[in-house]
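Undergrad: Quick one: sequence and predicted model below, then my questions.
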Amino acid sequence: MRKLAKKIAVMVAGFLSVVPSLAWAAGGEKVAQLIVVADTRVLNNAFVKYIADLYNTNTLLFAVWAVVLTALYGTFLGFLMDFLMARTGLDLKSRKIVEH
Amino acid sequence: MKRILFGALLVFAASLVMTSVSLAAEVAQGKVLSVDKANNTLTIEEFDTHKSQEHPYGRPTGVTSEYKIVKQTLIGIPPQPGDVIRIAFRTQNTERIAVRIMNVSKQDLKKK
């Protein structure tokens, strides 16, 4: 029973992997890649220009910067929310339960 | 320990910046005049950056330039004469090597 289930799973996986090529073989036209080029001619800010230039030339480094900037932005939002919560007077730092 | 971490972070950031500065590419936009598949070259008439209703992709400058297409060049919708394309390119000696080619007129969402 287990062997049969395994065989069926392998067959289903194989079928799913060839579906796109079957669609092309059936007459579907191969779709061209969509490429975007950032227009650095109109950018004046040095950092924005640097990031746009990275997008055009080095996608891997662009992705690294995206990760770094996302982390920095997350940290900034975290500290900002901490600051705002502290200003409201709510104490979320201690785990003391106060019942009224 | 903090100093070492800060130093490592600085070195990492500097290496990111320096790597990409050395790889910087220029960008040109214009109308395709001819595509030479035998020599793998592409000739365009360059447009400037002044867009208007009459010239949504910029005004023609009259300057023609040729770009070499290499194996690594990323090409979107294949450019044909008359299409407006945007090219990111590097200059090697006097030759302009295309890095990425975007078919601006054929993937213009405003048209749809």
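TA: Received, thanks.
Undergrad: For the chain, which segments count as helices?
TA: The chain I'm using is chain A. A:2-25, A:46-57, A:59-88 (DSSP state H).
Undergrad: hm, I was asking about chain B
TA: For chain B, the helices defined by DSSP H occupy B:2-22.
Undergrad: Can you check the pLDDT for the residue in it positioned nearest to chain A?
TA: When distances are taken as C-beta to the nearest C-beta, chain B reaches nearest to chain A at residue B:76, 3.4 Å away. (Each C-beta comes from the backbone N, C-alpha and C, glycine too.) The model reports residue B:76 with a pLDDT of 90.
Undergrad: Who are the contact partners of it?
TA: Going by C-beta atoms under 8 Å, 6 or more residues apart in numbering or on different chains, residue B:76 touches A:32, A:33, A:34, A:35, A:36, B:101, B:102, B:103, B:107.
Undergrad: same thing but at 6 Å, please
TA: Contact analysis of residue B:76 by C-beta atoms under 6 Å, 6 or more residues apart in numbering or on different chains lists A:33, A:34, A:35, B:102, B:103.
Undergrad: ok, which residues in chain B are in contact with chain A?
TA: B:20, B:23-25, B:27, B:49, B:74, B:76-77, B:86, B:88, B:99-100, B:102 (C-beta under 6 Å from any C-beta of the partner chain).
Undergrad: Make TSV out of those and add distance to residue A:90.
TA: Converted to TSV, these look like this (distance: C-beta to C-beta, whole Å):
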residue	distance to residue A:90
B:20	44
B:23	49
B:24	49
B:25	51
B:27	50
B:49	51
B:74	51
B:76	52
B:77	55
B:86	51
B:88	50
B:99	52
B:100	50
B:102	50
